[in-house]
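> Build the 3D model from these lines:
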Amino acid sequence: MNREKDEHFLINRYIELANMAYDRNIHTCTDFLNMNEIDTFNSIKGKLPPVNIEFAGGNNYAERKIIIFAPLEAYYEFKVPIVVLKIAPANPQYADVLTHRDFLGAILNLGIVRSKIGDIFIKNNIAYVYCLEDIAKFISDNLTKIKHTIVKTDITDYKDISITPDFKEIMGTIANVRLDSLIATAFGSSRNSIIPLIESGKVFINSKMTTNNGALIKDGDIISVRGKGRFIFDGVIKTTKKGRNLIKIRLYS
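Take a look at the predicted model:
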């Protein structure tokens, strides 16, 4: 019941923001949304008034995104309210090895709600945290330590930073290019163990939930599996002599 109430509240919020953009001729936007919340939006967007809709995560590889509702004829320039927090150890040689969970946990411990924070990319023990602009200075001023490591935080325009995730390239052969086979190949699992994940709504193709085990996948599609990770399907490399498909996948590290 709580889940239904949360979804009902979320749908009402989407409608409220879209109506505000339409009625007042202004831009409005959500906080960062996860894939379930984006999927909920996609299910009702046809019921919204005529406004322009844009998804923004600050990074082409971002999974968490905000939705911007814009009037059809805007009379001012709108700045996407996303910045990047660069969080780095003050003394790298004495720093703990910090994980995604460490960085996110330290931020949430400041009393920040998860919806204010987008994707987090980690490179060489430095985190690049996409967040809403209105909360960035508070985090920068108050986040001084993660585990035993003293950190410093700088705020940067997301357009000034280009972060690419690390990928693990995986090759494999499958009989048919279908969702369950691709997921099994990506995570080294059996198809039978993957089917319950799909049927229970834990799999998303380009942020859209699917419960179809045999869904056909196109080159460049991003498949996310809650609890396991996500990957990009790079397509079929060739067909083997036995008629199987040699495929390439890039798994997010």
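
> Run through the strands of the stretch 1-150 of the chain in chain order.
All strands of the stretch 1-150 of the chain, identified by DSSP state E, counting those that start in this stretch, fall at 28-29, 52-56, 66-70, 82-89, 117-123, 126-132, 145-146, 149-157.

> Dump the fifth one to CSV, restricted to CA.
Written as CSV, here are the backbone C-alpha positions of strand 117-123 (Å, rounded to 0.1, in the frame of the first residue of the first chain):
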residue,chain,number,x,y,z
ILE,A,117,22.0,13.4,-5.6
GLY,A,118,22.5,12.0,-9.1
ASP,A,119,25.1,9.6,-10.4
ILE,A,120,28.5,9.3,-8.7
PHE,A,121,31.5,8.4,-10.8
ILE,A,122,34.8,7.5,-9.1
LYS,A,123,38.2,7.9,-10.7
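
> Sheet-wise, list the partners of it with their directions.
If you go by DSSP bridges, strand 117-123 pairs up with strand 126-132 (antiparallel).

> From the rest of the structure, what touches the strand it pairs with?
With contacts defined as CB atoms under 8 Å, 6 or more residues apart in numbering, strand 126-132 is touched by 31-32, 57-59, 62, 64, 66, 81-89, 98, 100, 103, 107, 116-122, 139, 158, 161, 163. (C-beta placed from N, C-alpha, C; glycine too.)

> Apply 6 Å and report the result again.
Strand 126-132 is contacted by residues 58, 81-82, 84-88, 103, 116-121, 163 when judged by CB atoms under 6 Å, 6 or more residues apart in numbering.

> Understood, closing this out.
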